[in-house]
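Participant: sharing a model prediction with you, sequence too.
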Amino acid sequence: MSCANLAGMTGGQGRGEQLLRRVLAGSGAEPPPGWSVALASVAAPARGADGGPDREPTGAPELDAAGPLRHGVRLPARAGVPVDWPGWVPEEVRAAFVRTGVRTPWSHQVEAAELAHAGRDVVVSTGTASGKSLAYLLPVLARFAEDPRATALYLSPTKALAADQLRSLETLALPDVRPAPLDGDTSDDARDWARRHGRLLFSNPDMLHRSVLPRHGRWAGFLRKLQFVVIDECHTYRGVFGSHVALLLRRLLRVCARYGSRPTLVLASATVAEPDAFASRLTGRVVTAVTVDGSPAASRTVALWEPPLIPELTGENGAPVRRSAGAEASRMLADLVLEGARTLAFVRSRRGAEVTALGAQRVLADVDPGLVDRVAAYRGGYLPEERRALEAALTGGDLLGVATTNALELGVDIAGLDAVVVAGFPGTRASFWQQAGRAGRAADESLVVLVARDDPMDTYLVHHPAALLGAPVEGCVLDPANPYVLAPHLVCAAAELPLTEADVDGVFGGGVFGEGDTRELLDELVADGVLRRRPTGWYWPSTRERPAGSVDIRGSGLGQVAVVEGATGRMLGTVDGGSAPATAHPGALYLHRGESYLVDDLDLESGVALVHAADPDWRTDARSTADVQVARVLEHRDHGPVAVSFGEVTVTSQVVAYQRRTPDGTVLETVPLDLPEQTLRTRGVWYDVDDATLVAAGIMPARIPGALHAAEHAAIGLLPLFAICDRWDIGGMSTAMHPHTGRPTVFVHDGHPGGAGFAERGHAVLGAWLAATRAAIAGCECRTGCPSCVQSPKCGNGNVPLDKAGAVLVLDVVLKALGEPVRPAAGPVGLVRRAAG
């Protein structure tokens with residue numbers, strides 16, 4: 001099908017385009033006559049593994065954009081691929097699904113179910129609302145019908161998701177399934193019932209780690225007949241948390257083997273490049289991937305939006321300031337509600353959800369007061385009954401607009417809305433398409449708008465839509481061999497069952513584990529008196545103490561600091577020990593659930609920060625120094641004037657001061673601090689460049705520090721495009737002369753002890769990563785640097801010095817040496833076209 005404008009295809013404007021026109025009009029950028037959103041050249045693009053299209057829609061010419069709209073494209077509807085029920089599905093199970101509205105399954109559901117039924121480990125990686133739960137329910141329920149003693153375990157990253165899955169199963173009303181929740185909120189009596197009678201338990205990794213495995217003898221009956229383990233939303237198990245879960249799953253399967261069972265693994269994911277490789281690394285098993293989505297997809301108009309600059313405002317060091325993504329989302333939410341469109345606005349924080357909803361209500365109060373009560377906020381922290389009431393009101397149409405955090409991204413069965421506004425890229429393509437998947441009715445087109453934040457990643461995506469709408473490039477990384485993660489799990493495993501030579505060579509050896517690394521760790525644990533070595537293996541010396549309680553599988557390994565209100569002794573929350581000096585130092589402004597507090601004292605040894613309630617009209621930013629030393633080079637490549645390395649590094653940092661700033665960035669005061677140095681042994685990737693080559697490229701020696709610093713900041717902001725992480729999970733340093741290389745050097749390192757796999761992923765895709773970094777910098781319309789390109793919100797040096805133009809030249813030198821083509825930067829125009837005539 002050739003490219004055509006939307007009106008030409010539909011005989012008039014689709015609902016999605018109508019809503020986009022309303023949003024444009026609200027911004028003061030009414031499109032000219034004849035303007036229309038480009039239609040993809042492929043009539044029904046296949047949905048990729050993360051729920052987005054499997055390739056960039058092509059064929060639309062790059063003509064004038066409309067104001068802040070940088071790219072707009074219509075993704076046409078796609079028909080589903082229904083198939084027959086497998087012959088092994090019992091009639092009562094099939095009938096139960098038919099009663100709940102599932103007349104026939106989709107092709108991907110049956111493909112995954114067939115593999116699981118045959119005992120093959122499988123990961124089904126398809127889009128939002130594609131019915132992945134049927135892929136595990138069919139083989140589980142069929143096995144239950146065959147074997148009345150068979151059991152299954154469902155694991156999810158959140159209690160809300162597990163609860164929703166449990167409710168969905170209960171609607172089938174099948175006899176003798178005996179599902180039961182097993183989480184931190186489950187009462188002792190309910191846990192006892194689940195252990196004795198439950199067949200399909202809905203739990204999470206934390207409960208498995210702290211309760212089930214340490215007391216596996218009490219769960220022997222359940223584990224002995226365990227046939228399936230379902231691992232839902234497995235793409236959330238990444239980085240350090242994912243490394244913990246990978247080892248936890250190996251511990252589970254090891255204990256199952258002790259009781260004679262070998263459960264089949266069924267994983268569900270909405271994301272990631274190479275889901276089979278990731279699932280295999282996560283579980284230690286060979287896993288087959290099902291990625292071709294057979295479910296139908298409603299048509300959508302997807303718009304990428306960059307808020308305009310505010311000429312009268314300047315930020316840090318005179319940088320230009322954009323209208324915030326939250327303010328844009330608030331206005332869009334009001335405009336869409338005025339159009340009668342059921343709309344979700346996803347924002348990044350709980351406070352942001354409240355502020356966005358309030359802003360929309362204020363706009364509506366001036367235009368149509370009757371609509372004010374049809375807008376609300378939805379976030380984590382609500383009581384279950386409050387959450388259910390909001391969900392019912394949105395589904396039933398009593399609510400038209402809801403501003404929400406990612407609490408509505410996972411585990412809530414709300415779809416078929418008219419519009420979704422995403423205020424700031426949520427960090428991964430998977431999350432974006434999960435949020436976008438809430439929009440789309442079968443009979444009409446919907447609208448999805450991504451509103452860019454002041455961030456290099458967001459800037460890159462709205463100017464390079466192929467990175468979002470094209471094939472997945474981000475990988476889900478984890479490192480189970482990280483000694484800081486592996487060692488405590490070896491201790492937990494030894495406490496569960498003595499570790500044998502077979503365990504060391506099999507369960508915790510080979511594959512992702514370096515040769516001999518596990519044995520070295522065990523030798524250290526024996527030398528430290530943690531474990532005992534006997535001829536038959538390694539033993540935990542105590543019969544009463546259980547080490548699992550002291551191992552935090554969701555922490556960084558640096559411990560937690562409790563934030564306590566000094567006057568009442570009430571604990572407000574915790575911050576990671578590694579970030580506490582920067583976020584909970586004396587004098588810091590600490591936010592908790594929309595309320596602000598000032599930190600009075602920080603005691604890192606006892607792990608306590610004391611605070612008092614306050615509401616100042618300023619914010620605080622920490623200032624720090626950092627040094628990176630190379631401990632061991634693991635890989636090294638020379639590329640003429642550029643050398644690239646990956647290895648172990650020691651990062652020494654110290655918070656030395658903080659600044660009080662007004663909301664517009666004006667510095668009110670710089671206050672010195674006396675906090676101890678922190679040392680982090682982790683992994684990093686770095687490149688160093690010949691001085692003479694930089695000079696020949698036009699970067700005089702005085703400009704080198706600022707050029708490297710700007711390139712480092714932007715690279716940190718763009719790494720999440722290739723490794724699923726947050727920019728706060730990584731750090732960096734640049735210097736005009738590093739003692740290890742003797743040359744100008746840029747480091748990017750993991751922010752977790754032992755590494756989390758992010759820097760390793762960056763090393764593997766260095767050329768593509770730095771090419772995207774250069775494009776983001778060059779494509780930003782600011783003159784000298786701003787938060788959308790080279791300024792960092794966590795810079796310990798106050799974003800000084802920074803040389804935006806110099807950064808582009810540095811990256812040109814590096815990319816040329818790596819053999820990467822340097823593409824011209826995209827202008828502020830995407831695939832938005834005028835209709836001819």
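Facilitator: Everything's here; your move. Numbering: from 1, shown residues only.

Participant: how about residues contacting stretch 109-121?
Facilitator: Surrounding stretch 109-121, the residues in contact under the criterion CB atoms under 8 Å, 6 or more residues apart in numbering are 83-86, 88, 105, 122, 124, 131-132, 134-136, 138-139, 142-143, 228, 264-267, 279, 283, 285-288, 290, 292, 294. Placement of C-beta: from N, CA and C, glycine included.

Participant: please indicate which of those residues are buried?
Facilitator: Buried subset of the contacts of stretch 109-121 (neighbour count, 16 or more other CB atoms under 10 Å): 85-86, 88, 105, 122, 124, 131-132, 134-136, 138-139, 142-143, 228, 264-267, 279, 283, 285, 287-288, 290, 292, 294.

Participant: D621 belongs to a helix?
Facilitator: No - assignment of D621 by DSSP: H, G, I helix; E, B strand; the rest coil gives strand, placing it outside any helix.

Participant: got the contact list for the nearest residue to it once chain neighbours are set aside?
Facilitator: Distance criterion CB to CB, 6 or more residues apart in numbering; nearest residue to D621, sequence neighbours excluded, is Q659 at 5.0 Å. Contacts for Q659 (CB under 8 Å, 6+ apart) come out as T620, D621, R623, V667, L668, E669, T670, V671, G798.

Participant: how near is Q659 to R623?
Facilitator: For Q659, the distance to R623 (CB to CB, to the nearest Å) stands at 7 Å.

Participant: need the residues touching each of these two.
Facilitator: Contacts common to Q659 and R623, judged by CB under 8 Å, 6+ apart, are T670, G798.

Participant: residues contacting stretch 733-749, please?
Facilitator: Residues from elsewhere that reach stretch 733-749 (CB under 8 Å, 6+ apart): 626-630, 643, 649, 651, 682-691, 694, 701, 704-705, 708-709, 711-712, 715-716, 719, 730-732, 759, 762.

Participant: how about a cut-off of 6 Å?
Facilitator: With contacts defined as CB atoms under 6 Å, 6 or more residues apart in numbering, stretch 733-749 is touched by 626, 628, 630, 649, 682, 684-689, 704-705, 708-709, 712, 715-716, 731-732, 759.

Participant: one more: stretch 539-559?
Facilitator: Outside stretch 539-559, the residues that touch it by CB under 6 Å, 6+ apart are 209-210, 214, 240-241, 244, 484, 488, 491-492, 494-495, 498, 532, 576-578, 752-753.

Participant: again, but for stretch 685-692
Facilitator: Under CB under 6 Å, 6+ apart, the answer for stretch 685-692 is 641-646, 741, 743-748, 759, 762-763, 814.

Participant: residues of that stretch that come out buried?
Facilitator: Buried residues in stretch 685-692, counted by 16+ other CB under 10 Å: V685, W686, Y687, D688, V689, D690, D691.

Participant: over to stretch 632-648?
Facilitator: Within stretch 632-648, the residues scored as buried using 16+ other CB under 10 Å are P641, V642, A643, V644, S645, F646, G647, E648.

Participant: kindly report the same for stretch 268-286.
Facilitator: 268-276, 278-285.

Participant: start and end of it, how far apart?
Facilitator: End-to-end distance of stretch 268-286 (CA to CA, to the nearest Å): 15 Å.

Participant: one more: stretch 143-159?
Facilitator: Stretch 143-159 stretches 26 Å from its first residue to its last (CA to CA).

Participant: quick check: phi and psi at R342.
Facilitator: The phi and psi values for R342, taken as degrees, to the nearest 10, are phi -70, psi 120.

Participant: element containing the residue nearest to D621, please.
Facilitator: strand 642-661 (DSSP states H and E).

Participant: can you tell me the element the residue lying closest to G198 once chain neighbours are set aside falls in?
Facilitator: Leaving aside its chain neighbours, G198 sits nearest to A180 (3.9 Å; criterion: CB to CB, 6+ apart). Using DSSP H and E, A180 sits in strand 179-181.

Participant: run through who's touching whatever helix or strand comes next after that strand.
Facilitator: Once strand 179-181 ends, the next helix or strand along the chain (criterion: DSSP H and E) is helix 188-197. Residues from elsewhere that reach helix 188-197 (CB under 6 Å, 6+ apart): R178, A180, L182, L201, W219.

Participant: out of those residues, which end up buried?
Facilitator: By 16+ other CB under 10 Å, the contacts of helix 188-197 give A180, L182, L201, W219 as buried.

Participant: average pLDDT across stretch 199-208?
Facilitator: Per-residue pLDDT over stretch 199-208 has a mean of 97.

Participant: per-residue confidence at the residue of the chain positioned farthest from its centre?
Facilitator: The outermost residue of the chain relative to its centre, with distances by CA atoms, centre = their mean, is P535 at 44.7 Å. P535 is assigned a predicted lDDT (pLDDT) of 94.

Participant: also the one 10 residues further on?
Facilitator: On pLDDT, E545 comes in at 86.

Participant: that one: neighbouring residues, count only.
Facilitator: 10 (other CB atoms under 10 Å).

Participant: give me the spatial nearest neighbour of G798, chain neighbours excluded.
Facilitator: Per CB to CB, 6+ apart, closest to G798 is R623, 6.2 Å.

Participant: now do the contacts for that neighbour.
Facilitator: Residues in contact with R623 (CB under 6 Å, 6+ apart) are V656, A657, G796.

Participant: confidence-wise, which of those residues comes last?
Facilitator: pLDDT is lowest at G796 among the contacts of R623; the value there is 78.

Participant: tell me which residues touch it, please.
Facilitator: Per CB under 6 Å, 6+ apart, neighbours of G796: R623, S624.

Participant: ok, it to M733 distance?
Facilitator: 10 Å.

Participant: buried residues in stretch 732-743?
Facilitator: Quick answer for stretch 732-743 (16+ other CB under 10 Å): G732, M733, S734, T735, A736, H738, H740, T741, R743.

Participant: endpoints of it, how far apart?
Facilitator: One end of stretch 732-743 sits 16 Å from the other (CA to CA).

Participant: so how far is it from its chain's centroid?
Facilitator: 31 Å (CA atoms, centre = their mean, to the nearest Å).

Participant: check stretch 446-455 too.
Facilitator: That offset, for stretch 446-455, works out to 16 Å (CA atoms, centre = their mean).

Participant: so V671 lies in a strand, does it not?
Facilitator: Yes - per three-state DSSP, V671 lies within a strand segment.

Participant: sheet partners, orientation included, of the strand holding Q659?
Facilitator: strand 619-639 (antiparallel), strand 667-672 (antiparallel), strand 678-689 (antiparallel) (DSSP bridges).

Participant: just how off-centre is the longest one within its chain?
Facilitator: Relative to its parent chain, strand 619-639 has a centroid offset of 24 Å by CA atoms, centre = their mean.

Participant: and after the longest helix seen in the chain, which helix or strand comes next?
Facilitator: Across the chain, the helix with the greatest residue count (assigned by DSSP state H) is helix 239-258. The element immediately downstream of helix 239-258 (helix or strand, assigned by DSSP H and E) is strand 264-269.

Participant: tilt between the helix or strand just after that following strand and strand 264-269?
Facilitator: With elements assigned by DSSP H and E, the helix or strand that comes after strand 264-269 is helix 275-283. Put simply, helix 275-283 runs at 120 degrees to strand 264-269, going by axes from the mean of the first three to the mean of the last three CA atoms, to 10 degrees.

Participant: low-confidence stretches in the stretch 451-600 of the chain?
Facilitator: The model of the stretch 451-600 of the chain has pLDDT under 70 over residues 471-474, 515, 556-558, 593-594.
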